[in-house]
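give me a 3D structure for the following:
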Amino acid sequence: MHPAHAPRAFVAFASLVAAFGASAALGEPAGAISVDQAALAAVRDRERERTSYTVERLVSASGTVREYVSPAGVVFAVSWEGVSHPDLSVVLGSFAGPVRRALAQERPVPGRRSRRIETAGVVVETWGHMRALRGRAYVAALLPAGVTLDEIR
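Residues are numbered from 1 along each chain as shown. Purely as a prediction, here's the structure:
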């Protein structure tokens, strides 16, 4: 990324988490997934079931969001990929505010295409380039036993 574009990239990412949504996915019961589905105008399907979690996939015109659900029925992580980032206020839910505040205090690094924010028990990571953006967010305290971060893609 050209250094002159770094401030614009920061503003664009920060604006993704600027507004609170009506849904609360991360850290909330799996029942919120249907609210997320509507908010993201997505089609829902179950991607895979594992002993320690289930992945619910939400596919929209702009990309795919995966919500990782523990056996207790709580969304412990989300990941996304697509031409744009999803509305992070939808997928982060109640964590959107603390992430927004952490972003406001962070200084963008010219030329850096990835971001990592850790605040209020949630970690948000984004990377990629124009029209091929990816990211993930997770609450480490909610990760089921035996689940590694490499599984959250």
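
helices along the protein, start to end?
Taking DSSP state H to define them, one finds helices in the chain at 6-16, 33-39, 88-92, 96-105.

need the per-residue pLDDT for residue 132.
Per-residue pLDDT puts residue 132 at 89.

okay, and the beta partners of it?
Bridge pairing for residue 132 (DSSP bridges) gives the partners residue 129.

give me the low-pLDDT residue ranges for the protein?
1-24, 31-34, 36-37, 41-44, 46-50 (pLDDT under 70).

okay, strands next: where are they in this structure?
Using DSSP state E, the strands of the chain run over residues 43-49, 54-60, 63-69, 75-82, 115-119, 122-129, 132-139.

so what's the gap between the fifth one and the chain middle?
Shown here is strand 115-119, whose average C-alpha point lies 11 Å from the average C-alpha point of the whole chain (CA atoms, centre = their mean, to the nearest Å).

sheet-wise, list the partners of that strand with their directions.
strand 122-129 (antiparallel).

number of residues surrounding residue 112?
Using other CB atoms under 10 Å, residue 112 has 12 other residues around it. Using the backbone N, CA and C atoms, a C-beta is placed for each residue, glycine as well.

so how many other residues sit close to residue 132?
By the measure other CB under 10 Å, the count of residues near residue 132 is 11.

for residue 69, that is, sorry about that
21.

list the contacts for it?
30, 33, 53, 54, 55, 56, 75, 76 (CB atoms under 8 Å, 6 or more residues apart in numbering).

bridging residues for it?
residue 54, residue 75.

and the closest residue to residue 83 other than its chain neighbours, how far from residue 27?
Closest residue in space to residue 83, ignoring its immediate chain neighbours: residue 131 at 4.7 Å, by CB to CB, 6 or more residues apart in numbering. With distances taken as CB to CB, to the nearest Å, residue 131 is found 30 Å from residue 27.

now do residue 96
In terms of CB to CB, residue 96 sits 11 Å off from residue 27.
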